[in-house]
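**Q** Sequence and predicted structure are below.
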Amino acid sequence: MSMFKNNKGVNYLIPFLLIATLYLLWGLAHGMLDVLNKHFQETFDMTKAQSGFVQFSVYIGYFIMSLPAGFIMKKAGYKRGLMIGLLIFAFGSLLFIPASYIHSPYPFFIALFILACGLCIIENGAHPCATGMGPEEFAEQRINYAAAFNGVGWIVGPLLGTALILNGTGSNFDLAKPYIVVAALVILVAIVMIFIKLPEAEMEADQKESAIEAGTETGSIWEHKLFIFALIAQFLYVGAQTGVGSFFINYAVETDPSMSNETAGYLLAFGCMGMFFIGRMLSGFIMKWIKPAQLLSIFGLLGTLCMVLVLMKLGRVSFIGLFLSYFFMAPMFPTIFALGVKGMGSHTKQASSLLVMCIVGGAVFPIGMGALGQENMALGFILPLIAFIYIAAFGVMHAIAGKKELK
């Protein structure tokens, strides 16, 4: 059976590709944040901890908007909910234009917050759509393939930001230029979505049927212990990924003083995010032979090793460790999400909202890492180290639970 067809023969491939496009768009938006972080340090004379408020403005938006976003999806359905999210996303992006005429970081923080509210709504709908568009046994593979499009966005985002911001004229309007491009793309996708039918009723029926077969349809969402562990894992992962990306340029120029911000920005875009994209594509194939939970635990351990090398400050060896960490981080978010909502049935939308809420980890880690690494950036990477240890343990717990179910 195809991973994009249910047992009644309904083909989800076209709507899946549309959902995958949404992954690309928010990857684009998130990818530019790492460039903004370094630019704000210099333009507005901010410390590393203060520049962490670039990420804080986005991820606190996710936290505040997550439950309302779940309510929107429940009442409006996936298609209308996604359309609402896209329009808010575009509006927040366009707010960069008036913000660029005020020499202060705060209007940009407000614009990022509004933009993030739109992204939160989109993610609340896109993730359960990606996992639900086909047989449940392929859910982890599908969401990793969709997330590979997100990896493309993470490549293009830093490229766009570096080209138009770090290599710009030096005016504040440079900050608005990439977001104008993003707003135009978002509006274009919203128009296309008007003409594409999302098979919402079929997906919800499939999810309910799978949950009934697994015996998880009834009861409280909080009775699912692995779901609670997934919430913690998602919080730590997003914090780790955001923190590593936020201070990659700082770590790069501290490790090699001859490296410019622009060079580090392009390396982030082509190298690190290229590794991120490859990691997500390969993970979908690898899951044909290795269970998703097992892959998650292996990559969690390898990510831990990378952070150990970063903390040891071994020059080029440590830099390679930081570089490779993007490959091992690649499948973590989609796999944790898929494992978290697995078998949740009628609880799927609520579970999705809570997992998206855990993206607030991205608001916490950059500030903490910036404070720890103000004098020595390597020390800030203690927080991602702790996160990867937990994620590896979560993968082991899920793998053990899966074996017990088989017995």
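**A** Good, I have the coordinates. Numbering: from 1, shown residues only.
**Q** which helix of the chain spans the most residues?
**A** helix 53-94 (DSSP state H).
**Q** on contacts alone, who are the packing partners of that helix?
**A** helix 13-31, helix 33-43, helix 106-132, helix 177-194, helix 200-214, helix 225-246, helix 348-357, helix 361-372 (3 or more C-beta pairs under 8 Å, 6 or more residues apart in numbering; DSSP states H and E). From N, CA and C alone the C-beta is placed, and that goes for glycine too.
**Q** Any regions of this structure where pLDDT drops low?
**A** By pLDDT under 70, the weakly predicted segments of the chain are 1, 6-9, 38, 166, 168-170, 201-219, 345, 402-407.
**Q** make it 50
**A** Low-confidence segments of the chain (pLDDT under 50): 1, 212, 215, 406-407.
**Q** follow-up on the earlier one: Throw the helices and strands packed on helix 53-94 into a markdown table and include distance to residue 337, thanks.
**A** Formatted as a markdown table, these follow (distance: least, C-beta to C-beta, whole Å):
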| stretch | distance to residue 337 |
| --- | --- |
| helix 13-31 | 12 |
| helix 33-43 | 20 |
| helix 106-132 | 5 |
| helix 177-194 | 21 |
| helix 200-214 | 14 |
| helix 225-246 | 7 |
| helix 348-357 | 6 |
| helix 361-372 | 13 |
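**Q** now the angle from the longest helix of the chain to helix 225-246?
**A** Relative orientation of helix 53-94 versus helix 225-246 (axes from the mean of the first three to the mean of the last three C-alpha atoms, to 10 degrees): 90 degrees.
**Q** what's the next secondary structure element after helix 53-94?
**A** Counting by DSSP states H and E, the next helix or strand C-terminal to helix 53-94 is helix 96-99.
**Q** buried stuff in that following helix?
**A** Across helix 96-99, burial judged by 16 or more other C-beta atoms under 10 Å covers 96-97, 99.
**Q** Please apply the same query to stretch 120-134.
**A** Neighbour-count burial for stretch 120-134, counted by 16+ other C-beta under 10 Å, picks out 120-134.
**Q** Relative to residue 400, how far out is residue 23?
**A** Per C-beta to C-beta, to the nearest Å, residue 23 is found 30 Å from residue 400.
**Q** Of all the helices and strands packed on helix 53-94, which one comes closest to residue 339?
**A** Closest to residue 339 of the helices and strands packed on helix 53-94, according to C-beta to C-beta: helix 225-246, at 6.0 Å.
**Q** Wait, residue 264 touches residue 249, no?
**A** Yes: using C-beta atoms under 8 Å, residue 264 is in contact with residue 249, at 4.3 Å.
**Q** And what about residue 375, helix, strand or coil?
**A** Three-state call for residue 375 (DSSP: H, G, I helix; E, B strand; the rest coil): coil.
**Q** what number of residues lie near it?
**A** By the criterion of other C-beta atoms under 10 Å, residue 375 has 7 neighbours.
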